[in-house]
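Asks: predicted model and sequence below, questions to follow.
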Amino acid sequence: MTVLRSGERVSAGVAEVLSATPAPPSRSRRMSRRRAATAATPYLFLAPGLVLFAVTVLYPTLQAFQMSFFDWKIVGSATSEFLGLDNYARAFTDDHFWLALSNSGIYMVLTVAPQIVIGLGLALLIQKKSPTQPLFRVLFYLPVVTSWVVVSFLFKFLFSDGGLINFALGDLLHVTNGDTAWLADRWTGLIAICALGVWKGIGWSMMIFLAALQGVPQALIEAANMDGANRWQRFKVVTVPAIWPAILFVTVMLVIGGFNVFISVYLMTGGGPAGRTDVLLTYMYEQAFNNLDFGYGSAIAVILTIMVFMLSVVQMKVFRDRNGGGAQ
Amino acid sequence: MKRSTIIAVAVAATVAVSAAGCSTASEAEGTADDPVTLTFWGAYGNGGNSTQAEVLNDTLIPSFEKANPEIKVEYVDIPYDDLLKKLTTSAAGDELPDLVRADLGWVPKFADLGVLVALSDEMDNFQELADATYPGVLSTNLYDGKYYGLPLDTNTRVLITSQEALDAQGLDAPPATFEEFAAGADALSDSGMQVFADGGLGAWNISPWIWSGGGAITDDEVTTSTGYLDSDESVAAVQMLVDLYANDQISNGIIGNAGATSTSEGLPGGNYANILDGPWMNGIWSEQFPEFTPIYAPMPAGDGGSVSVVGGEDIVLTSTSEHKDAAMKFIEFTQSEEFQMALVPTGQLTVISALGDQQVELLPYLELFTDQLATAKARVAIPQASEVDTILNEALVPAFEGTVTVRDALTSAAQKIDELLAEE
């Protein structure tokens, strides 16, 4: 309170000083200079972040965009041949590009929904204050902060031929013979990679939902309760609309993250066997860094960027429309 | 003085100074008081194997510097997995070191980028040095009619088995021919042991079988693959492996199952009867499986004899080096008996054919590798060598799985390799 009052006093003081200052022309000049300074303030605060963004994100992005139109030679002295849209045309006729794209899509579909559903379920389960709540919160969040490299090797080990998954399914549960070569096939390989993605991501969506659930108006829930709404109806009519922005945010972020899967695929299967578990980014990496075909690699990256951007726009539009309808 | 005169003098002075700077940079020869420093990148210390880097840093480089006081050599050790990426980004940023110990598959790639000096043009005694090395490993430096490096160390793959495996197959000696190899597999059925395992179907993996079977990946001039990779001999060699795979006698690690037991664990563990691997395995097993005694044998012979694949590293000089003469002195030093023999005990096979016997005296188990090297061949030395690996893998995996015939797989792979060769 003291701070506020002293602040008021200061501004009042400034006003007094200003009103007491004679000579209108110089005053207006000083005012405009002050106004200019005030207007510049937010930009000055933004500047360091913007500069960092421009240097580390914007410039490389634009450079990659430029590279995608060339048979790009990485050495400065060599001349890169301009190919126009050839790299893009090549991508669209490249079977392996489509395979990698569909694998990215499959990963996205198989990981986004479970992360939302399980993440929300966990958030609902542990939102009530209880002595064990912090423990569970930490346990579920732990995978999120663990290094991708470490957990990728862990899952590769779990899903290896003599790994724990085969032991559990075969020797313990007798569901399979216990000799599934998970990482030797496209579909089982993708299942293993998706399992890691879901396990590692649940904690993150849980935390966002947990925060959003704090914001659900208690009064509305009580009112619904009084009107005789059951638990499911309360969840559907009160909770979901209230946390809708969080669901939108989580979905958009997970879709983007799903298309950007790289480390787990690279380390668990290396895209194998014969590139069948390649996703767009592992394929891009192979083209750029193994084959030194930076032009084609960049074209793949640009296509991915455009796709993710368009998907995000569509999602936001769909969600906004639904939210509007729901609120009425 | 008029203003324009002052400017002219200033400009002249600047030009003179920078010109002097240039000439110092390009012709720097160094003196004992003011030596030039060569930077040398390599992955000698890869996998925590400090002995190689130690020999280089503590014995070889000091010895070279003593003989050449006007030159200092700074060796920078980079993990193998990062080296190619680092070289690529450094090439893009014009920040390459003077010398690089490059995997032999990378030499054509970097020569193609124009960042390497053609040693066959620049070194007066190149031919003499080149003639002293094994032809297979020397050929990995050839790109577009010129040699861009000299062999530094080499290795090859031989058959490695165990007494347990020989007993299980009822053999007195390791399989010497394709027939004995396949017969061993029959004896192993239902034993839980597979006759063979490998970690992929790239050129490093499949070439020894194709060459030993009398086939080839391309013609000798590396102009076409059709007629060679899809020849009857190549098809028959691969077909033998495919048949074994169909009978569950080859581990699915060969089609890229990242979850399969690795060859280095599976041989001592009794999962696999035979693997093909290099001289470095001795050190790995003595640490991880001290009880295990590997038995080394030549690559089984088919109609083409016993032919394995050359591996190793070459030393290359970058075109941005400011001390080319000094760097070439160091390259010459790497071809000396002193340099070559000092690294033999650390698991580096010499590239100088005349030192082969001396190497075997030092480490008897290397005899087999030395003999195998006499006939070993190099993989296709083109800038897109990694794409050849991808083509072979993607064509052969379905053949192993039985969804296409071996001949169709090799025919389509040959066509794709032809397309790559046509880009040359």
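Replies: Cool, got the structure.
Asks: can you give me the helices for the stretch 101-250 of chain A?
Replies: A:133-145, A:148-158, A:164-166, A:186-214, A:218-226, A:231-234, A:240-242, A:244-259 (DSSP state H, counting those that start in this stretch).
Asks: most tightly surrounded among the ones you listed?
Replies: Mean neighbour count (mean count of other C-beta atoms under 10 Å in any protein chain shown) peaks for helix A:186-214 among those, with a mean of 20. All C-beta spots, glycine's among them, are computed from the backbone N, C-alpha and C.
Asks: does anything pack onto it? Which helices or strands?
Replies: Identification of packing neighbours for helix A:186-214 by 3 or more C-beta pairs under 8 Å, 6 or more residues apart in numbering or on different chains; DSSP states H and E yields helix A:95-126, helix A:133-145, helix A:148-158, helix A:244-259, helix A:263-268.
Asks: tilt between that helix and helix A:95-126?
Replies: Counting by axes from the mean of the first three to the mean of the last three C-alpha atoms, to 10 degrees, helix A:186-214 lies at 40 degrees to helix A:95-126.
Asks: would you mind listing what in the stretch 51-200 of chain A touches chain B?
Replies: Contact residues (C-beta under 8 Å from any C-beta of the partner chain) of the stretch 51-200 of chain A with chain B: A:73-78, A:156, A:159-163, A:181-184.
Asks: how near is the closest residue to B:Asp172 other than its chain neighbours to chain A?
Replies: Spatially, and ignoring its direct neighbours in sequence, B:Asp172 is nearest to B:Leu166 (7.3 Å; C-beta to C-beta, 6 or more residues apart in numbering or on different chains). Look at B:Leu166 and chain A: by C-beta to the nearest C-beta, to the nearest Å, they are 24 Å apart.
Asks: now do the SS call for B:Leu166.
Replies: Assigned by DSSP: H, G, I helix; E, B strand; the rest coil, the conformation of B:Leu166 is helix.
Asks: what comes up buried for the one helix or strand A:Val302 maps to?
Replies: Under the criterion of DSSP states H and E, A:Val302 resides in helix A:294-327. Within helix A:294-327, the residues scored as buried using 16 or more other C-beta atoms under 10 Å in any protein chain shown are A:294-304, A:308, A:311, A:319.
Asks: that older thread, okay if I get the helices and strands packed on helix A:186-214 as CSV plus mean pLDDT?
Replies: Output for the helices and strands packed on helix A:186-214, formatted as CSV (pLDDT from 0 to 100):
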stretch, mean pLDDT
helix A:95-126, 95
helix A:133-145, 92
helix A:148-158, 96
helix A:244-259, 93
helix A:263-268, 95
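Asks: pick out the residue nearest the middle of chain A.
Replies: With distances taken as C-alpha atoms, centre = their mean, A:Met253 lies nearest the centre of chain A, 3.3 Å away.
Asks: quick check: of the buried residues of helix A:294-327, which lies closest to B:Asp77?
Replies: Each of the buried residues of helix A:294-327 was scored against B:Asp77 by C-beta to C-beta, and A:Phe294 proved nearest at 27.1 Å.
Asks: once you drop chain neighbours, what's closest to the residue in the stretch 101-250 of chain B positioned nearest to chain A?
Replies: In the stretch 101-250 of chain B, the residue found nearest to chain A is B:Leu113; the distance is 5.1 Å by C-beta to the nearest C-beta. Using C-beta to C-beta, 6+ apart and skipping the chain neighbours, the partner closest in space to B:Leu113 is A:Val75 (5.1 Å).
Asks: OK, contacts around residue 160?
Replies: Assuming you mean chain A. Shown in contact with A:Ser160 (C-beta atoms under 8 Å, 6 or more residues apart in numbering or on different chains): A:166, A:182-183, B:258-260.
Asks: correction: the question concerned chain B.
Replies: Residues in contact with B:Ile160 (C-beta under 8 Å, 6+ apart) are B:267, B:274-277, B:281, B:294-297.
Asks: checking it next. Helix, strand or coil?
Replies: Here B:Ile160 is strand, with the state taken from three-state DSSP.
Asks: and it, bridged to which residues?
Replies: B:Ile275, B:Tyr296 (DSSP bridges).
Asks: coming back round to it: which of the contacts of B:Ile160 lies closest to B:Leu373?
Replies: Taking C-beta to C-beta as the measure, B:Leu373 sits nearest to B:Tyr296 out of these, at 13.2 Å.
Asks: how about A:Phe140, what does it touch?
Replies: Contacts of A:Phe140 by C-beta under 8 Å, 6+ apart are A:122, A:126, A:202-203, A:206.
Asks: and the residue in the stretch 1-150 of chain B that chain A sits nearest to, how far is that from A:Thr282?
Replies: Using C-beta to the nearest C-beta, the single residue of the stretch 1-150 of chain B nearest to chain A is B:Ala92, 4.0 Å away. Separation of B:Ala92 from A:Thr282 (C-beta to C-beta, to the nearest Å) stands at 21 Å.
Asks: more neighbours: which of those two?
Replies: A:Thr282 (23 against 18; other C-beta atoms under 10 Å in any protein chain shown).
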